[in-house]
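Q: This is a predicted model, with the sequence first.
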Amino acid sequence: MLTLEQIESAILQLSPDEYKKLIEWFADLDYQRWDKQLEKDIADGKLEALAQEAIAEFKAGHCREI
């Protein structure tokens, strides 16, 4: 396995086109991991209190159209 230092060095040697592709790939990977974590948090009920608070605020009329 490569060390972080070796990966950083390799990235610095990429052409602009390869670097752009890497950035796009990394952003996609980050979004996928974010989605998985969000799904897990929802399934674990970690967002339930926030959801209930938002619903209560909406029902109380504390909202505005965007």
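A: Arrived safely.

Q: all contacts plus neighbour counts: C-alpha atoms, from now on.
A: Will do.

Q: quick one: contacts for Ile42?
A: Counting by C-alpha atoms under 8 Å, 6 or more residues apart in numbering, Ile42 touches Glu48.

Q: Distance from the helix or strand encompassing it to the middle of the chain?
A: According to DSSP states H and E, Ile42 maps onto helix 16-43. Chain-centre distance of helix 16-43: 6 Å, with C-alpha atoms, centre = their mean, to the nearest Å.

Q: After it, which helix or strand is next?
A: helix 48-59.

Q: Contacts for that following helix, please.
A: Contacts of helix 48-59 (C-alpha under 8 Å, 6+ apart): Ile42, Cys63.

Q: What average pLDDT does it get?
A: On average, the pLDDT along helix 48-59 is 94.

Q: quick one: the helix or strand of the chain with the lowest mean pLDDT to helix 16-43, angle?
A: Lowest by mean pLDDT, DSSP states H and E among the helices and strands of the chain is helix 48-59, with a mean of 94. Helix 48-59 and helix 16-43 are oriented at 80 degrees to each other (axes from the mean of the first three to the mean of the last three C-alpha atoms, to 10 degrees).

Q: mean confidence score for the helix holding Ile42?
A: Average pLDDT, helix 16-43: 97.

Q: thinking again about what came up before, quick check, distance from the least confident helix or strand of the chain to the centre of its chain.
A: Here helix 48-59 is found 23 Å from its chain centre; the criterion is C-alpha atoms, centre = their mean.

Q: All further residue positions should be reported with the first residue as 3.
A: OK, 3 is where the count begins now, so the last one is helix 50-61.

Q: pull the CA atoms of it into PDB?
A: Listed next in PDB are the C-alpha coordinates belonging to helix 50-61 (Å, rounded to 0.1, in the frame of the first residue of the first chain):
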ATOM      1  CA  GLU A  50     -35.500  12.000  14.300                       C
ATOM      2  CA  ALA A  51     -35.400  14.900  16.800                       C
ATOM      3  CA  LEU A  52     -34.400  17.300  14.100                       C
ATOM      4  CA  ALA A  53     -37.200  16.100  11.900                       C
ATOM      5  CA  GLN A  54     -39.800  16.400  14.600                       C
ATOM      6  CA  GLU A  55     -38.500  19.900  15.400                       C
ATOM      7  CA  ALA A  56     -38.800  20.900  11.800                       C
ATOM      8  CA  ILE A  57     -42.400  19.500  11.500                       C
ATOM      9  CA  ALA A  58     -43.400  21.300  14.700                       C
ATOM     10  CA  GLU A  59     -42.000  24.600  13.400                       C
ATOM     11  CA  PHE A  60     -43.800  24.100  10.100                       C
ATOM     12  CA  LYS A  61     -47.100  23.300  11.800                       C
END
